[in-house]
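In: Predicted model and sequence below, questions to follow.
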Amino acid sequence: MKVEIWSDVVCPFCYIGKRHFEQALAQFPQAGEVEVVWHSFELDPHSQPQPGVSLTETLAHKYGQSVEWAEQMQQRVAAQAAQAGLNFQLDKAAPANTFNAHRLIHLAARYGKQDAAKERLLKAYFEEGERVDDPDTLIRLAAEIGLDAAEVRTLLQSDELATEVRHDEQEAQALGIRGVPFFVIDRKYGISGAQPSSVFLEALQQTYQETAAQGPVCSDGSC
């Protein structure tokens, strides 16, 4: 069974959704048969964060609201994150363009460390106030999960894996994905948003049962 997840590393509900999905997976007896693939999705591909401008101020400007409104919204999101076991520190979060972070996640996939990279970047942004668009920060975080720092530096100084990021985003558009997180299970079912773990578990169970009922798919006298 293959679960593909489109998300961004500065999307709070993507982190919450990741935890909910992991909680469902922990309850799924066939979890060992599930392949999870992370796909790139930039909430704002044209983002050019200004130094010294906080996430709170950025959100207030984006939605045409007051800073107080943005603070209240962040508090509500942090409360939801806490229920999932996450410790959001949104007052420390620094707005970032995530294109290079997505390229790093694609690099990590080559070494079987895609989920580790995704987790480290989300934690860095939401809980540690790290700048996830700063090259030195990305190199340090990558080294923490076992990637070669020199290889990551070379990646960031080139256009390598840019095509992979754009392909993910074009595929999201083709599938009609307009918001994240978005979970696609075996290209049969789509789940939008940070749904409760029970929703993910039910979808996993249903997909597995349907696949088992179909039996092996054979052609030309072989399976």
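Out: Ah, there it is.
In: Please count neighbours and contacts with C-alpha atoms only from this point.
Out: Noted.
In: Now do the strands in the chain.
Out: 2-7, 35-40, 182-185, 189-192 (DSSP state E).
In: So which of those strands is nearest Ala109?
Out: Ala109 lies closest to strand 35-40 among the strands of the chain, at 8.7 Å (C-alpha to C-alpha).
In: Which positions within stretch 64-72 qualify as buried?
Out: 67, 70-71 (16 or more other C-alpha atoms under 10 Å).
In: so what's Arg120 up against?
Out: By C-alpha atoms under 8 Å, 6 or more residues apart in numbering, the contact set of Arg120 is 141, 145.
In: What distance do you get for it to Gln114?
Out: To Gln114, Arg120 is 10 Å away according to C-alpha to C-alpha, to the nearest Å.
In: coming back round to it: filter the buried residues of stretch 64-72 down to just the ones in helices.
Out: Counting by DSSP state H, the part of the buried residues of stretch 64-72 found in helices is 67, 70-71.
In: of all the residues you listed, which comes closest to Ile185?
Out: Nearest member of those to Ile185, counting by C-alpha to C-alpha, is Ala70, at 34.0 Å.
In: tally of neighbours for the nearest residue to Ser66 once chain neighbours are set aside?
Out: When the adjacent residues along the chain are set aside, Ser66 lies closest to Ala60, with 5.4 Å between them (C-alpha to C-alpha, 6 or more residues apart in numbering). By the measure other C-alpha atoms under 10 Å, the count of residues near Ala60 is 18.
In: Start at 565, not 1
Out: Sure, I'll start numbering at 565, so the last one becomes Ala624.
In: show me where pLDDT drops low in the protein?
Out: The chain contains residues with pLDDT under 70 at 779-787.
In: Swap in 80 and give it another go.
Out: When residues are selected by pLDDT under 80, those of the chain lie in 778-787.
In: Which stretches in it count as helices?
Out: Secondary structure of the chain (DSSP H): helices at 576-590, 619-627, 631-647, 663-674, 678-692, 699-708, 713-720, 726-738, 761-778.
In: Just the buried positions in the fourth one, please.
Out: Same thing as helix 663-674. For helix 663-674, burial by neighbour count (16+ other C-alpha under 10 Å) applies to 663-673.
In: And for the last one?
Out: For helix 761-778, the neighbour count (16+ other C-alpha under 10 Å) marks 761, 764-765, 767-768, 771-772 as buried.
In: That helix versus strand 566-571: what angle between them?
Out: 150 degrees (axes from the mean of the first three to the mean of the last three C-alpha atoms, to 10 degrees).
In: And helix 761-778, how far out from the chain middle?
Out: Helix 761-778 has its C-alpha centroid displaced from the chain centroid by 22 Å (C-alpha atoms, centre = their mean, to the nearest Å).
In: Please consider this matter closed, and thank you.
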